[in-house]
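Undergrad: Starting from these lines, generate the structure:
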Amino acid sequence: MLTVLETVLLGRVGTLGLRVAPGELAATASVLDMLGLAALAERHLDELSGGQRQMVYLAQVLARDPALLLLDEPTSTLDLRHAIEILETVRRLTATRALTTLIVLHDLNAAARFADRLVLLADGRIRAIGTAVEVLRPDLIAGGLRRRRVRRARPGRPSNGDAVPLVRH
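TA: Here you go, the predicted model:
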C-alpha cells in the first residue's frame, strides 16, 4: 500500500522510481502542505479516513498543476463534514489557482452552495444552465425526475428510498 507522499508524488511524476528529483519532492510537499496533509505524508492510504483519502486524491490531481479540474462525485462516500471540507477546498483552490473546475454532483444543496453556475441534466439532455436560482426551480427539477417516483414527503414521516421530497419556495 502506498503512502500519502508516494500517492501524490505518483500523480505528479507518473511513475515512481528509486530516485526522484528534489524539485518533484518539493512540489509534492507543497501540495501536501497546502491541503493540510503534510502530517499524514508517511501514513498508508488504508490508515486514513474516507475524507482524508479523498483529500489525498485531490492532492494527487493538483500535483500535476492542472488548468482544468474535472471531479466526478468527489463527495459521494463522505459524511457531511468531510464533504463540505472537500467542496470548500475545491472552491478555494479554484479561485486561488485560477482553475476551471467542473464537478458532477447529485447533491443539489451542495451544488447550489458551492457552484457559480449549474448545468441540470435529465435523460442525457441539458434542461437548464445558469445560477442556482435560475436552475434549481421546482418545475425544472421535477421535470428531470421520473414522475412516478416523485411524491411529497410528509412532515414527521421519513420518505423511503423511492421518494424525493420537493421543497417549494
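Undergrad: so what's the nearest residue to Ala63 once chain neighbours are set aside up against?
TA: Counting by Cβ to Cβ, 6 or more residues apart in numbering, Ala63 lies nearest to Arg12, which is 3.9 Å off, once chain neighbours are set aside. For the C-beta atoms, the positions are set from N, CA and C on the backbone; glycine is no exception. Arg12 is in contact with Glu24, Ala27, Thr28, Val31, Gln60, Ala63, Arg64, counting by Cβ atoms under 8 Å, 6 or more residues apart in numbering.
Undergrad: helix, strand or coil for the one residue sitting closest to the centre of the chain?
TA: Most central in the chain under Cα atoms, centre = their mean is Pro74, positioned 3.1 Å from the mean C-alpha point. Secondary structure state of Pro74, per DSSP: H, G, I helix; E, B strand; the rest coil, is coil.
Undergrad: For it, give me the pLDDT.
TA: The per-residue pLDDT reported for Pro74 equals 91.
Undergrad: low-scoring stretches of this protein, by residue?
TA: 15-18, 143-169 (pLDDT under 70).
Undergrad: where exactly do the strands run in it?
TA: 68-72, 100-104, 118-122, 125-130 (DSSP state E).
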